[in-house]
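# Mind looking at a prediction? Sequence and model below.
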Amino acid sequence: MLDGRSLVKRTAGLRLWLSAGWIAALVIGAVFAPWIAPQDPLMQDLFTSRLPPFWMDGAEPGYWLGTDSLGRDVLSRILYGGRVALIVALIAGTATALIGATLGLIAGYFRGWADMVISRLVDIWMAFPPVLFAILLIAVMGTGLTSVVVAIIVIDWTRFARVVRAEAMAQGAMDYVASAQVAGRGRMSTLLTEILPNVLSTIAVLLTLEMGIAVIVEAILSFVNLSVSTDDPTWGGMIAEGRLSIHQAWWVLVFPLVALFLTVLSFSQLGEGLKDRFDPVLN
Amino acid sequence: MFLRRLLSRIATTLVTLFGVAVIVFAVIRIVPGDPVAMMLPPGATEADIARLQAFYGLDKSIPEQFFIWLGGVVQGDFGTSITTRQPVLGLVLSRLPATLELSVMALVIAVALGGLVALTGTRLRYTRTEGALDVANGMALSVPDFLWGLVLILLFGVLWPVFTISGRVSPNLAPEFATSFFLFESVVRLRFDLWLDLVQHMLMPALALAIPLAAIIGQLLKQSLKETMHLDYVTLARTKGYSENHVILREALRNAVLPTLTLIGVQFTFLIGGTVIIERLFSYEGLGNMAIDAVINRDLPLIQGIVLLFALLFTMVNLAVDLLYAVLNPRLRHA
């Protein structure tokens, strides 16, 4: 009999490589955007408005993926939009991981009143719808890259805190921690040299997943025009414009959507792949 | 025992709600700029400003202001919307039914779809079909509702335009309704023409919300089912000669469904949270769409009211799920 899991297992490696490949391509495209992009992403030209992508009739050379209603090159805007997406993923993801994991470690290892306060805060945070919480914060702080990053940190630290707390609690109950204590190690030193290394793999998995979430949150905020300034190209902003002219120029919506879809899927696949690798039960 | 559990659960819920109120108040208070200055026309005198500040209690200390504000909220006074000059509570309640109907419809679709995936996967376990379902399920799981919404708009709004991708109901039919629960009302009044129009509008946004949840349900329920299929009583049913379908549906499902039920409760709040952006995407006139308009117009009292209402809804759903779980789970019932 064929094992149903074999299809999942066989394609797992392939999916991991494809995901890593897409993220790598995206990073290269974003870093070298000024040299790779065929056009200026902000240049408007009504004579070249709504040009179709290269394989269709009426396409113009140099505008590979067509242009939007203001004549701006879609490919160049996707490359520059990738910059915003990746910057947010990197900064917001890392900061969220640092803050959330620190609070989770404190709550899970030291317990006591610190755990009570942090756990109660997590409960309160769970009562807010994340997207609504984010737009409330942006409404108060004003738009801009910093606000987007801060909003993501504020809404998502609980994701790390909850998991790391549980993990630190489980590790703290193990014999090796007790023997470190018997050997005369201080609480802080035990936390940093014994517990932390053992929860790092969990944090790495969560961080990868968080980067995908940060990309989608930025896209949602720029979709409703609450992210960076409207002049800068963002995937969410392009999607919002494309949504309006969907019957006249589908490519303005489809290409940034594909970029966003693949990016989110890749981060998630990488996270799941890491989880499988680190999880001894599955191997 | 059950009563004690109930009371302690209600107490933590109240603490959470108080925390929510503190956070919302604190966030609104960091607004740069004087809230009173935003309400008055340019050229208002100092005396005008002082009078309005006293009227809103802004001349008092922050804790005093908080308790004045909280006292109002508890009595249903959510303030006045800056853009429409109407009480926030009325505005918010008029939109709530639209969001509730969309959420419940999405939940029904998710349960049906996820259940179907789990049952098919269990029936065809250890085959290629199960593997293919797992891969598709994994993809559905890792892509959020916002992206599914866009994909659905492209597929069924543009490529094969069979569904309406904008609004809640055709504008010419909207005056037909006496309440704000359009879908419910159309069923009760047996107006299936209205019902069809509503479903035609709601199906795409509801499906976008349902896909990630359906994937989660499919994954967990299949896992529990497959574990249950190895238990002795299932083997006994099989030796009695019952068909595989009967064994799965009548014997295994009943015992495998409890973990999934708990999960659905928690995930349902995430689904409700997702309505904010999905309503925007499909121009559906619910609370979420109103919240985004409120942010764009910087109508802070309105967005504050919407956030509070959502938080109340979330906490109530969580409480209900916990209590339901305690009632359904015999181990907890007799603990």
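Structure's in. What do you need?
# which of the residues in the lengthiest helix in chain A are buried?
When chain A is parsed with DSSP state H, its longest helix is helix A:74-105. For helix A:74-105, the neighbour count (16 or more other CB atoms under 10 Å in any protein chain shown) marks A:74-89, A:91-93, A:95-97, A:99-101, A:103-105 as buried. Glycine gets a C-beta too; all of them are placed from N, C-alpha and C.
# Which strands or helices does it pack on?
If you count contacts as 3 or more CB pairs under 8 Å, 6 or more residues apart in numbering or on different chains; DSSP states H and E, helix A:74-105 packs onto helix A:4-31, helix A:33-36, helix A:145-172, helix A:196-223, helix A:235-244, helix A:251-278.
# Tabulate those helices (CSV), appending mean pLDDT.
Below are the helices and strands packed on helix A:74-105 laid out as CSV (pLDDT from 0 to 100):
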stretch, mean pLDDT
helix A:4-31, 82
helix A:33-36, 89
helix A:145-172, 93
helix A:196-223, 93
helix A:235-244, 91
helix A:251-278, 90
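# The residue in the stretch 151-300 of chain B that chain A sits nearest to and A:Gly112, how far apart?
The minimum distance from the stretch 151-300 of chain B to chain A, using CB to the nearest CB, falls at B:Gly273 (3.1 Å). The gap separating B:Gly273 from A:Gly112 is 32 Å, by CB to CB, to the nearest Å.
# got it, and B:Gln200?
56 Å.
# Compare the two (neighbour count), which wins?
B:Gln200 (14 against 9; other CB atoms under 10 Å in any protein chain shown).
# ok so, going back, can I get the helices and strands packed on helix A:74-105 in CSV with distance to B:Ala132 and mean neighbour count?
Converted to CSV, the helices and strands packed on helix A:74-105 look like this (distance: least, CB to CB, whole Å; neighbours: other CB atoms under 10 Å in any protein chain shown):
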stretch, distance to B:Ala132, mean neighbour count
helix A:4-31, 7, 15
helix A:33-36, 37, 12
helix A:145-172, 30, 21
helix A:196-223, 24, 23
helix A:235-244, 30, 23
helix A:251-278, 17, 21
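# need the ones you listed in a markdown table with distance to chain B, can you?
What follows is the helices and strands packed on helix A:74-105, written out as a markdown table (distance: least, CB to the nearest CB, whole Å):
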| stretch | distance to chain B |
| --- | --- |
| helix A:4-31 | 3 |
| helix A:33-36 | 23 |
| helix A:145-172 | 9 |
| helix A:196-223 | 5 |
| helix A:235-244 | 7 |
| helix A:251-278 | 3 |
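# Reformat those as TSV; add distance to B:Thr269.
Formatted as TSV, the helices and strands packed on helix A:74-105 follow (distance: least, CB to CB, whole Å):
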stretch	distance to B:Thr269
helix A:4-31	29
helix A:33-36	39
helix A:145-172	13
helix A:196-223	17
helix A:235-244	24
helix A:251-278	21
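# quick one, which of the ones you listed is nearest to B:Ala140?
Between B:Ala140 and the helices and strands packed on helix A:74-105, the tightest spacing by CB to CB is seen for helix A:251-278, at 10.7 Å.
# Off-centre distance for the closest one?
How far helix A:251-278 lies from its chain's middle: 9 Å, per CA atoms, centre = their mean, to the nearest Å.
# Tell me which other helices or strands it touches.
helix A:4-31, helix A:74-105, helix A:196-223, helix A:235-244, helix B:128-142, helix B:145-152.
# now the third one: how far from the chain's centre is it?
Read it as helix A:196-223. So, by CA atoms, centre = their mean, the centroid of helix A:196-223 is 5 Å from its chain's centroid.
# Same question for the fifth one.
Shown here is helix B:128-142, whose average C-alpha point lies 25 Å from the average C-alpha point of the whole chain (CA atoms, centre = their mean).
# Could you pull up the residues touching residue 268?
Here I'm looking at chain A. Counting by CB atoms under 8 Å, 6 or more residues apart in numbering or on different chains, A:Ser268 makes contact with A:209, A:212, B:142-143.
# think we crossed wires, I meant chain B
B:103, B:107, B:213, B:317, B:321.
# Most neighbours among the residues you listed, please name it.
B:Leu213 (26 neighbours).
# so what's it closest to, chain neighbours aside?
Nearest-residue entry for B:Leu213: B:Ala110, 3.9 Å, with adjacent residues in sequence omitted and distances by CB to CB, 6 or more residues apart in numbering or on different chains.
# how close does A:Val27 get to A:Ile152?
19 Å.
# make that A:Arg187, sorry
32 Å.
# do the same with B:Tyr284
25 Å.
# Show me where the stretch 101-250 of chain B has its helices.
With DSSP state H, counting those that start in this stretch as the criterion, the stretch 101-250 of chain B has helices at B:128-142, B:145-152, B:182-188, B:192-228, B:232-239, B:244-246.
# Could you say which one of those comes nearest to A:Phe133?
Using CB to CB, the nearest of the helices of the stretch 101-250 of chain B to A:Phe133 is helix B:145-152, at 15.6 Å.
# Give me the distance from that closest one to the chain's centre.
That offset, for helix B:145-152, works out to 17 Å (CA atoms, centre = their mean).
# quick one: average pLDDT of that helix?
Helix B:145-152 shows a mean pLDDT of 94.
# which other helices and strands contact it?
helix A:196-223, helix A:251-278, helix B:192-228, helix B:253-281.
# can you do 7 Å?
helix A:251-278, helix B:192-228, helix B:253-281 (3 or more CB pairs under 7 Å, 6 or more residues apart in numbering or on different chains; DSSP states H and E).
# Need the CA coordinates for that helix. PDB is fine.
Extracted in PDB, the C-alpha atoms of helix B:145-152 (Å, rounded to 0.1, in the frame of the first residue of the first chain):
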ATOM      1  CA  ASP B 145      -7.900  35.400   4.500                       C
ATOM      2  CA  PHE B 146      -6.800  38.700   2.900                       C
ATOM      3  CA  LEU B 147      -5.000  36.900   0.100                       C
ATOM      4  CA  TRP B 148      -7.700  34.300  -0.400                       C
ATOM      5  CA  GLY B 149     -10.200  37.200  -0.700                       C
ATOM      6  CA  LEU B 150      -8.100  38.700  -3.500                       C
ATOM      7  CA  VAL B 151      -7.700  35.400  -5.300                       C
ATOM      8  CA  LEU B 152     -11.500  34.800  -5.100                       C
END
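# That one vs helix B:128-142, what angle?
120 degrees (axes from the mean of the first three to the mean of the last three CA atoms, to 10 degrees).
# hang on, B:Asp299 packs against B:Ile82?
Yes. Between B:Asp299 and B:Ile82 there is a contact at 4.7 Å, judged by CB atoms under 7 Å.
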